[in-house]
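**Student:** Quick check, what structure comes out for this input:
(one chain, ligands or ions: 1)
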Amino acid sequence: MAAAASNPLPRHIAITMDGNGRWAKARGLARIAGHKAGLAPVRMCIRECGSRGIGALTLFAFSSENWGRPAEEVGSLMGLFLESLEREIAELHAQNVRMRFIGERRHLPVRLQARIAAAEERTAGNSGLKLQVAVSYGGRWDIIQAAQSLARECSSGALRPDEITEERFAKALALAHVPDADLVIRTGGEQRISNFLLWNLAYAELYFTATLWPDFALADFEAALTFFGNRERRFGHTSSQLGAVQGRGS
Ligand code: FPP
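**Tutor:** Next up is the predicted model:
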């Protein structure tokens, strides 16, 4: 861990937790068993981010496209989100985690919506890790909903079109309260973004690993931090200009 500890840490890590289904299939289990096994690395990442002072963690739990999965799997996943939220919220609160959900909430079961609202309210005063769980989320949806809210402000006269800057646009997105992601981790071997945080990934370092999400252990998390610590982040500038660029929000 020495390398990662001495090198810069990401301020915001975003994770696509892929490979649960294959993990279960390899063991002759139902896919939901893989999703359940995926809770252990979720806990580990939350704990590690909190203890290392990484400010924000965003987990891609269910995409806009995942609604197209078999109804049985969708129902089991919704049940798992509900149960795990009920079970873990006290511990998350004790860890000073500030929890938010991002995504199209109105599509979720009503009981889950209520639990989400209660979890957000309970942890609203916490000052530790900012944890975002993306459920029914898509990067394109996020950009569209931001554009719609700005368009509404323009049509009401509260905003002029030429006042729509990058900063103003970013404030209308679901992740307005955290810096852009510095590091994206995707498990499960695929090397694509799959409609995750499109706007917020503009300068992110991308770390792909073949490890299936339920197998993602502390050593894998540390390997991702070491990878990040060894990257030279130029934000479109040259190496020699870097001193001036380091402070830029990314
Ligand atoms: C993708 O693997 C994973 C999901 C769609 C669900 C992720 C959910 C969890 C890890 C459960 C707990 C999370 C929280 C934050 C409560 P996949 O099913 O696409 O795997 P495959 O590519 O092997 O089929």
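
**Student:** in the longest helix that the chain contains, what's buried?
**Tutor:** Counting by DSSP state H, the longest helix found in the chain is helix 71-94. Buried residues in helix 71-94, counting neighbours by 16 or more other Cβ atoms under 10 Å, are found at 76, 77, 78, 80, 81, 82, 84, 85, 88, 89, 92, 93. Every C-beta, even on glycine, is put in place using the N, C-alpha and C of the backbone.

**Student:** I'd like the next helix or strand past it.
**Tutor:** strand 98-102 (DSSP states H and E).

**Student:** That following strand: partners in the sheet, and parallel or antiparallel?
**Tutor:** strand 130-137 (parallel) (DSSP bridges).

**Student:** Rounded mean pLDDT for the strand it pairs with, please.
**Tutor:** When pLDDT is averaged over strand 130-137, the result is 98.

**Student:** any idea of the angle the helix or strand residue 147 falls within forms with strand 98-102?
**Tutor:** Residue 147 belongs to helix 139-156 when assigned by DSSP H and E. Angle of helix 139-156 versus strand 98-102, following axes from the mean of the first three to the mean of the last three Cα atoms, to 10 degrees, is 90 degrees.

**Student:** 841 is where my numbering starts, stick with that
**Tutor:** Understood, numbering begins at 841; the last thing we discussed is helix 979-996.

**Student:** what does helix 979-996 rub up against?
**Tutor:** The contact list for helix 979-996 (Cβ atoms under 8 Å, 6 or more residues apart in numbering) reads 904, 942-944, 999-1001, 1004, 1008-1009, 1012-1015, 1033, 1035-1039, 1041.

**Student:** re earlier: show me the two of the buried residues of helix 911-934 that sit farthest apart.
**Tutor:** 916 and 933 (26.0 Å; Cβ to Cβ).

**Student:** from the contacts of helix 979-996, which ones fall inside helices?
**Tutor:** 1008, 1009.

**Student:** Just the ones of the contacts of helix 979-996 in strands?
**Tutor:** residue 942 (DSSP state E).

**Student:** which of the contacts of helix 979-996 count as buried?
**Tutor:** 904, 942-944, 999, 1004, 1012-1015, 1035-1037, 1039, 1041.

**Student:** Let me know the closest of the residues you listed to residue 964.
**Tutor:** Closest to residue 964, out of all of those and judged by Cβ to Cβ, is residue 942, at 15.3 Å.

**Student:** Name the nearest residue to the closest one, ignoring sequence neighbours.
**Tutor:** residue 1014 (3.8 Å; Cβ to Cβ, 6 or more residues apart in numbering).

**Student:** Identify each buried residue in the helix holding residue 987, please.
**Tutor:** Going by neighbour count (16+ other Cβ under 10 Å), the buried part of helix 979-996 is 979, 981, 982, 983, 986, 990, 993.

**Student:** give me the element the residue nearest the centre of the chain is part of.
**Tutor:** Taking Cα atoms, centre = their mean, the centroid of the chain lies closest to residue 898, which sits 2.0 Å from it. In the assignment (DSSP H and E), residue 898 maps to strand 896-903.

**Student:** from the chain's centre, how far out does that strand sit?
**Tutor:** 3 Å (Cα atoms, centre = their mean, to the nearest Å).

**Student:** Quick check: which ranges of this structure have low pLDDT?
**Tutor:** 841-846, 1083-1090 (pLDDT under 70).

**Student:** Bridging across strands, which residues link to the spatially closest residue to residue 856 that is not a sequence neighbour?
**Tutor:** Nearest non-adjacent residue to residue 856, counting by Cβ to Cβ, 6+ apart: residue 1026, 4.2 Å away. Beta-bridge pairing of residue 1026 under DSSP bridges involves residue 856, residue 1048.
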